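Chemist: After the sequence you'll find the predicted model.
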Amino acid sequence: MSTQTRSRVPVTVLTGFLGAGKTTLLNRILEQNRDERIAIIVNEFGDAGIDQQLVIGATEQILELNNGCICCKIRTDLIDTLFGLAAAVLEQGHEPIDRVIIETTGLAEPAPVAQSFMVETELAELYHLDSFTTVIDSYHFFKQIRMHEEARKQVAFADHFILNKAGLVSSGHLEKVKKTLSDMNPGASMQVTDCRDADPSDILNRFTFDLDDRSNLIKESRSEAGHHHSSDTAAIVLRSDSPVDMKRFEPWFDELLDKKGEQMYRFKGILSVDGFDSRLVFQGVHMLFAGRAGKAWENGEKRSSEFVIIGRDLDKDWFQTRFEECCITERRVD
Ligand SMILES: Nc1nc2c(ncn2[C@@H]2O[C@H](COP(=O)(O)OP(=O)(O)OP(=O)(O)O)[C@@H](O)[C@H]2O)c(=O)[nH]1
C-alpha cells in the first residue's frame, strides 16, 4: 500500500438489492467502530427519508442524498458531498474523518459511483475506494437477479459478497447461490455472515477494489443510452397525521401482503398508532416482514405516520385511500 493510499480517506460502498441487509450491516459496523469518525452517505429511492431513522448508533451526521438514485441525477450531489466533507476538514478546521461509508439504494447501479472517482481526479486524491461490498439476500436472490438488471449489475461490480439471511434457506439453496455468484463474478470473495453479527474487519480496510479492473463495466454503463430502472418500478409514500387504528390496519396489511406482496419489492413504515406512546417500526421484502416498537414520542411532539413502498404497478391513489381508511380522522362517539 502506498503512502498516498494510506493518507487518503477510505470509502467503502455497500450495495445490494432492496432489503438485502445493507442498513443492518451499516448499523453493525457503526456499533462496533465507535472510536472511528465515520461519515455516512445514504441515498434512497423516492421521496422518503425513513432510512435515516433506521440507522442507529451513528455518531456522525448522516448525509442523505434523496429523491433519486445515486446513479442518476444526484451523482453530482455525491461528488459535492465528498468535496464538502474534505473542505470541512481542510478549510474549516473540522476534526478529520477516518472513513466514509456509502450505502446506495437497493436500485442503484454501482458503476456510476466508481465513475465519480475515475472522472474527478481531485476526488481520487482525497479518497481511496476501499471496496464495493454487495450484500446478498440469499432468500430472494434468484427472484431478484431474474427480475432486476440492477441486482445483476450489483453482483457483477462487487469485489466482496456478504451472503445474508442464510438462516432462511437450506444448505443446498445456499450452495446454488454461491455457485451462481462465482459464475457471475469469479474474482469476488464471499462470506456467509448474518449482517447482524458481521465482523467489520472483514468489510473495512480490504483495499481490494481496483478501478482499472472495473473500467469496462464503468464504460459500459456510461455508453448505455440513458439509464433506466425497470420501467415500472416506483416508490410511493403514504403519509398521515392521524393516528393509525391497528384494528383496521392489520387486516388491510395482511390482505396487502397476500394480494400485492409479489409487487412490493420493499416497504418500510414508521407509524403513529392510536393508544401507543412509541412509534411502530416495520419493514419487509415481498411477503417477509418484521415490526418492533421504535422511539417513544416526546411530549408535545407532532405525531405522524409514513409508509414507503417500492414496487411495480402500485396505484398510489388506491394505497393512500386505503391507508387513510385505517387512520382515525375523527373520534367516533359510540
Ligand atoms: N432473517 C433475517 N433477516 C434479516 C437479516 N439481515 C437483515 N434482515 C432483515 O431484513 C430486512 C431488510 O434489512 P435492511 O438492513 O433494512 O436492508 P437494506 O438492504 O438496507 O434495505 P434497503 O435500504 O431498503 O434496500 C429487515 O427487516 C432486517 O431486519 C438476516 O440475516 N436474517
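Modeler: All right, it came through fine.

Chemist: Ramachandran coordinates for the residue nearest to H286 when sequence neighbours are not counted?
Modeler: Closest residue in space to H286, ignoring its immediate chain neighbours: G261 at 5.1 Å, by CB to CB, 6 or more residues apart in numbering. (Glycine included, C-beta is placed from N, CA and C.) The phi/psi pair for G261 (degrees, to the nearest 10) reads phi -60, psi -40.

Chemist: separation between G261 and E298?
Modeler: Distance from G261 to E298, counting by CB to CB, to the nearest Å: 35 Å.

Chemist: In terms of neighbours, single out the busier of these two.
Modeler: The neighbour comparison of G261 against E298 (other CB atoms under 10 Å) goes to G261, with 17 against 9.

Chemist: Tell me if I'm right that the more buried one and F289 touch.
Modeler: No - the pair G261 / F289 is not scored as a contact, 9.2 Å apart, by CB atoms under 8 Å.

Chemist: got the contact list for L82?
Modeler: L82 makes contact with 11, 41, 100, 116, 123, 126-127, according to CB atoms under 8 Å, 6 or more residues apart in numbering.

Chemist: Residue nearest the middle of the protein, spatially speaking?
Modeler: T105 (4.3 Å; CA atoms, centre = their mean).

Chemist: Give me the below-cutoff pLDDT ranges for the stretch 151-300 of the chain.
Modeler: For the stretch 151-300 of the chain, the stretches with pLDDT under 70 are 222-231.

Chemist: hey, where'd the strands end up in the stretch 151-300 of the chain?
Modeler: 160-164, 189-192, 233-240, 264-271, 278-285, 288-296 (DSSP state E, counting those that start in this stretch).

Chemist: Near S201, how many other residues are there?
Modeler: That count, for S201 with other CB under 10 Å as the rule, works out to 11.

Chemist: Please convert the strands of the stretch 151-300 of the chain to a markdown table, extending it with mean neighbour count.
Modeler: Listed next are the strands of the stretch 151-300 of the chain as a markdown table, based on neighbours: other CB atoms under 10 Å:
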| stretch | mean neighbour count |
| --- | --- |
| strand 160-164 | 24 |
| strand 189-192 | 15 |
| strand 233-240 | 19 |
| strand 264-271 | 23 |
| strand 278-285 | 19 |
| strand 288-296 | 13 |
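
Chemist: out of those strands, which comes closest to K22?
Modeler: For K22, the closest of these is strand 160-164, at 9.1 Å, according to CB to CB.

Chemist: Need the pLDDT of T3.
Modeler: For T3, the pLDDT comes out at 37.

Chemist: whoops, I mixed them up, D334
Modeler: 50.

Chemist: what about the residue in the stretch 101-250 of the chain positioned nearest to the ligand, distance to Q115?
Modeler: Of all residues in the stretch 101-250 of the chain, G106 sits closest to the ligand, at 3.1 Å by CB to the nearest ligand atom. Per CB to CB, G106 is found 19 Å from Q115.

Chemist: Which one's more surrounded, the two?
Modeler: With neighbours defined as other CB under 10 Å, G106 and Q115 compare such that G106 has more, 26 against 21.

Chemist: can you tell me which helix or strand that one belongs to?
Modeler: Remark: G106 resides in no helix or strand, with elements defined by DSSP states H and E.

Chemist: so what's it up against?
Modeler: 16-20, 22, 45, 150, 265-266, 310.

Chemist: For PyMOL, what selects the buried ones among these?
Modeler: Here is the PyMOL command that picks out the buried ones among the contacts of G106, judged by 16 or more other CB atoms under 10 Å:
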select buried, resi 16+17+18+19+20+22+45+150+265+266+310
